[in-house]
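A.B. asks: A structural model of the following input is requested.
(one chain, ligands or ions: 4)
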Amino acid sequence: MRVSKYLLSTQKEIPADAEVISHQLMLRAGMVRRNASGLYSWLPTGLKVLRKVEAIVREEMNKAGAIEISMPMVQPADLWNETGRWEKFGPELLRFQDRHNRDFVLGPTHEEVITDIVRKEVNSYKQLPLTLYQIQTKFRDEVRPRFGVMRSREFLMKDAYSFHLDQDSMDETYQSMFTAYTNILSRMDLSFRPVLADTGSIGGSLSHEFHVLANSGEDLIAYSTESDYAANIEKAQAPMPTEERQSPTAALTELDTPNAKTIAELVSEHNIAIEKTVKTIIVKGANEAEPLVALLIRGDHELNEVKAEKLEAVLAPLAFAEEAEIRTTIGAGPGSLGPVQLNMPIVIDHSVNILSDFAAGANKDDKHLIGINWERDLPQAQTADLRNIIEGEASPCGQGNIALLRGIEVGHIFQLGTHYSESMHANVLDENGKSKLLLMGCYGVGVSRIVAAAIEQNHDDRGIIWPAAIAPFTVGILPMNMHKSHRVKDMAEKLYQDLNELGIEVLFDDRKERPGVMFADMELLGIPHVIVIGDRNIDNGVFEYKNRRTGEKQDIPFEQILEFIQ
Ligand code: ATP
Ligand code: MG
Ligand code: MG
Ligand code: MG
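C.D. replies: Ligands and ions are numbered 1, 2, ... in the order given. Okay, here's the model as predicted:
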């Protein structure tokens, strides 16, 4: 690719609205552009990387015996009514009507559609096991789209679904998906960890998440110092590391902002009631007309103490909450406290993250919160099942102590049991002609999220450092003063042609730019190998080579360059 014929769109300045490094670099490298909240266009460089990740995922799925299909992004409400998820899914599900006033959703996931296909197409045990997958755009109306494509509303997911007659077969496919996920992330040289995940409200039996390890990750992983045990915090119920907790003094300083409101003010303005469950204080709206839930807070705080006090008094003890995630603001998004801009850190129990999104859906049209039985509806992780573990305490596996890491969830595999086949009547005939419910597994990979996660793990202060398998280009050719020197031009053109013939992807910077600008772009873009061509090297019969990751420079004789790059 010649830069003169490409859309490079790099920028020097750090975009003000991008919080995490991957988002900043994706904007600066001209990989994506935001069209609206949580909606992004992929520019050529971004798309090249996305397609590489996609290709690796596809290859590993095919290798694991999964069969590719394509399902519609728009799904009829009927199917979602069959499973009850039309009611249960909450506001992440974007619902709309067609011209005949029929209800539809933009698919956030495809269990309903795939089960509908399989119940029609598969009726004998002889057709099993069967694993189908697609790589397709999903839509989730996230409460807080953020970090660019890391948590967007539209994103690319690989979703696979497997169907089985018995548990042994289910286990076997689950294991092969586990292996496929391990292969996918290993091929991209990412440092990752599979962790036990909570099976939550679906009531499945086994689940693992795959986390790319990064300090910016939204998830906490608890792992044993002495065994392979690792679990998502929702599963392990481990707390935030001490140094990451908000200190009470910091919270109080923040609270001195003029926007700070007292709980009492919030209570009167929004008619909020505060409830206490076993270990969770829930601030919720009592008035149906108001947007509800503001905070879900974990900790043993007395209802009355909280209600009367100022917000400071609520937040200060929360700084010591066993589990906490600090959010910067509330006041934006559905279900938050309407126009109240608190402009302060708000502490939300990480382990009820899913719930808070769910609960945030409770507005006047959606009465989930009213009369909700929190004890029943809290995920299992919130109730009796899981132990409270703190860092340094014994691991639940019995070996070693618990340590914590931050991760980005890039994959999730799940044994669903007969949950969907039961509600959608997906049966097959077994060897004895008896009708049996299908066992089902589902397996997701956040293809677009992986692009961002890879950058979180691979960058320096000059830009991205792509792992070889997903680099947009393998080699950058950087000719010095090509527009003045025929020798340089000829050499660069020849090298460009040779590399292309070898099927190596090259970005040839044929612009009339200063070398400094060209260098900076190559480094920002993260191209693994850069070859500089100048009159001086030509005199010496060498190319000047620079490795992006190591920063190492080397002179390579002309005749050895192709071999060196390959
Ligand atoms: P999260 O906990 O981050 O919200 P999830 O558990 O809701 O993710 P799953 O339903 O498990 O997501 O979907 C499978 C995969 O899709 C996730 O592991 C993640 O990699 C990806 N994914 C989910 N939501 C988003 C999003 N909003 N933007 C980008 N990728 C996403
Ligand atoms: Mg989610
Ligand atoms: Mg998750
Ligand atoms: Mg998940």
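A.B. asks: and the residue of the chain closest to ligand 1?
C.D. replies: Evaluated by CB to the nearest ligand atom, the chain has residue 446 as its residue closest to ligand 1, separated by 2.2 Å. (C-beta placed from N, C-alpha, C; glycine too.)
A.B. asks: give the contact list for that residue.
C.D. replies: Residues near residue 446 by CB atoms under 8 Å, 6 or more residues apart in numbering: 155, 156, 157, 409, 410, 411.
A.B. asks: tell me the bridge partners for it.
C.D. replies: Beta-bridge partners of residue 446, counted by DSSP bridges, are residue 157.
A.B. asks: same check, this time on residue 208
C.D. replies: Beta-bridge partners, per DSSP bridges, of residue 208: residue 196, residue 413.
A.B. asks: who's in contact with it?
C.D. replies: 178, 194, 195, 196, 197, 412, 413.
A.B. asks: so where does residue 86 fall, helix or strand?
C.D. replies: Assessed by DSSP states H and E, residue 86 sits inside helix 85-88.
A.B. asks: what of residue 491?
C.D. replies: helix 486-501.
A.B. asks: beyond that helix, next helix or strand please.
C.D. replies: For helix 486-501, the succeeding helix or strand toward the C-terminus, using DSSP H and E, is strand 506-508.
A.B. asks: please identify the residues of the protein in proximity to ligand 1?
C.D. replies: The chain comes close to ligand 1 at residues 109, 140, 142, 151-152, 155, 157, 409-412, 444, 446, 448-449, as judged by CB under 6 Å from any ligand atom.
A.B. asks: mind running it again at 5 Å?
C.D. replies: By CB under 5 Å from any ligand atom, the residues of the chain that approach ligand 1 are 142, 151, 152, 155, 157, 409, 410, 412, 444, 446, 449.
A.B. asks: let me have those in TSV, extended by secondary structure.
C.D. replies: Below are these laid out as TSV (DSSP: H, G, I helix; E, B strand; the rest coil):
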residue	secondary structure
142	coil
151	strand
152	coil
155	strand
157	strand
409	strand
410	strand
412	strand
444	strand
446	strand
449	helix
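A.B. asks: which member of the residues you listed is positioned nearest residue 66?
C.D. replies: Using CB to CB, residue 444 comes nearest to residue 66 of the residues of the chain next to ligand 1, at 12.6 Å.
A.B. asks: that closest one: neighbouring residues, count only.
C.D. replies: Residue 444 sits with 23 neighbouring residues when counted by other CB atoms under 10 Å.
A.B. asks: helices of the stretch 351-500 of the chain, start to end?
C.D. replies: Applying DSSP state H, counting those that start in this stretch to the stretch 351-500 of the chain gives helices spanning 353-360, 374-377, 419-424, 447-457, 486-501.
A.B. asks: can I get these in TSV including mean neighbour count?
C.D. replies: Converted to TSV, the helices of the stretch 351-500 of the chain look like this (neighbours: other CB atoms under 10 Å):
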stretch	mean neighbour count
helix 353-360	22
helix 374-377	14
helix 419-424	19
helix 447-457	26
helix 486-501	16
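A.B. asks: which parts of stretch 53-64 are buried?
C.D. replies: 53, 54, 56, 57, 58, 60, 61, 64 (16 or more other CB atoms under 10 Å).
A.B. asks: tell me the mean pLDDT over that stretch?
C.D. replies: Over the span of stretch 53-64, the pLDDT mean works out to 98.
A.B. asks: save the helices of the stretch 351-500 of the chain as TSV, and put in distance to residue 189 and mean pLDDT too.
C.D. replies: Output for these, formatted as TSV (distance: least, CB to CB, whole Å; pLDDT from 0 to 100):
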stretch	distance to residue 189	mean pLDDT
helix 353-360	29	28
helix 374-377	41	31
helix 419-424	36	95
helix 447-457	9	98
helix 486-501	22	96
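A.B. asks: kindly reformat the contacts of residue 208 as CSV containing neighbour count.
C.D. replies: CSV is the format used below for these (neighbours: other CB under 10 Å):
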residue, neighbour count
178, 17
194, 18
195, 25
196, 20
197, 25
412, 20
413, 25
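A.B. asks: tell me the one of those nearest residue 439?
C.D. replies: Nearest to residue 439 among the contacts of residue 208: residue 413, at 14.2 Å, using CB to CB.
A.B. asks: might one say that that closest one is in contact with residue 178?
C.D. replies: Yes: if you go by CB atoms under 8 Å, residue 413 and residue 178 touch, sitting 6.4 Å apart.
A.B. asks: possible to save the residues of the chain next to ligand 1 as TSV with distance to residue 551?
C.D. replies: Shown next, in TSV, are the residues of the chain next to ligand 1 (distance: CB to CB, whole Å):
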residue	distance to residue 551
142	38
151	32
152	33
155	33
157	36
409	32
410	28
412	36
444	37
446	31
449	28
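A.B. asks: okay if I get the helices of the stretch 351-500 of the chain as JSON lines plus distance to residue 218?
C.D. replies: JSON lines is the format used below for the helices of the stretch 351-500 of the chain (distance: least, CB to CB, whole Å):
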{"stretch": "helix 353-360", "distance to residue 218": "8"}
{"stretch": "helix 374-377", "distance to residue 218": "23"}
{"stretch": "helix 419-424", "distance to residue 218": "26"}
{"stretch": "helix 447-457", "distance to residue 218": "11"}
{"stretch": "helix 486-501", "distance to residue 218": "40"}
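A.B. asks: let me know which of these is the nearest to residue 122.
C.D. replies: Using CB to CB, the nearest of the helices of the stretch 351-500 of the chain to residue 122 is helix 419-424, at 10.6 Å.
A.B. asks: contacts for that closest one?
C.D. replies: 79, 82-84, 111-112, 115-116, 119, 163, 202-204, 426-427, 437-440.
A.B. asks: buried subset of those?
C.D. replies: Buried, going by 16+ other CB under 10 Å: 79, 82-83, 111-112, 115-116, 119, 163, 204, 426-427, 437-440, out of the contacts of helix 419-424.
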